[in-house]
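S.K.: quick one, fold the following:
(one chain, ligands or ions: 1)
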Amino acid sequence: MSNQSTDCIFCNIVAKKLTAHVVYEDNEILAFLDIRPINPGHTLVIPKAHVASLSELDSMLAGRQFQVAGRIAAALRKSGLKCEGINVWLADGKAAFQEIPHIHIHVIPRFVGDGIRIKAGPDYGQTPPTNELEDQAKKIRKAMDE
Ligand SMILES: [Zn+2]
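M.R.: Next up, the predicted model:
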């Protein structure tokens with residue numbers, strides 16, 4: 001595949017220059033175990049082409065990537081690994097904790113008592129005034145048309 005980055009860890013896994021524990025592979029998508037799993041079975045689903053961010057991801061490829069993530073989620077529930085629920089996580093940008101600049105979906109097995117928490121900011125729990133919400137929605141709608 002031509003559109004890959006030689007200094008990208010995930011592109012090197014796609015090119016078989018680095019080894020990975022592959023869970024699924026087709027012409028466009030590769031899925032493999034995260035080597036620093038949150039829970040056993042934690043899988044990463046990537047497009048084989050080097051795409052750095054969600055906004056650069058072709059919508060058909062995004063659909064394929066999410067479809068594979070769903071199949072892996074279903075498989076994890078049947079796999080015998082401890083899995084009572086699933087979190088699907090996509091970090092887009094450094095501020096959102098994206099560590100590898102090649103877009104990837106985390107499929108994370110979850111179970112009661114696994115100790116994982118998602119901590120919200122200090123203002124979480126407050127519903128903003130209607131006019132603020134409408135102003136935010138207006139800004140996003142406008143940007144979507146651009
Ligand atoms: Zn890459």
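S.K.: just the buried positions in stretch 49-64, please.
M.R.: 49-52, 57, 61-62, 64 (16 or more other CB atoms under 10 Å). Placement of C-beta: from N, CA and C, glycine included.
S.K.: among these, which are in reach of the ion?
M.R.: Among these, proximity to the ion is found for His50 (CB under 5 Å from the ion).
S.K.: secondary structure for the buried residues of stretch 49-64 - can I get that in CSV?
M.R.: Output for the buried residues of stretch 49-64, formatted as CSV (DSSP: H, G, I helix; E, B strand; the rest coil):
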residue, secondary structure
Ala49, coil
His50, coil
Val51, coil
Ala52, coil
Leu57, coil
Leu61, helix
Ala62, helix
Arg64, helix
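S.K.: ok, the most centrally placed residue in the chain to the ion distance?
M.R.: For the chain, the residue sitting closest to the mean C-alpha position, by CA atoms, centre = their mean, is Ile105 at 1.8 Å. From Ile105 across to the ion, the span is 14 Å (CB to the ion, to the nearest Å).
S.K.: next one, pLDDT for the residue lying farthest from the centre of the chain please.
M.R.: When distances are taken from the C-alpha mean of the chain, Asn131 lies farthest, 32.3 Å away, according to CA atoms, centre = their mean. On pLDDT, Asn131 comes in at 97.
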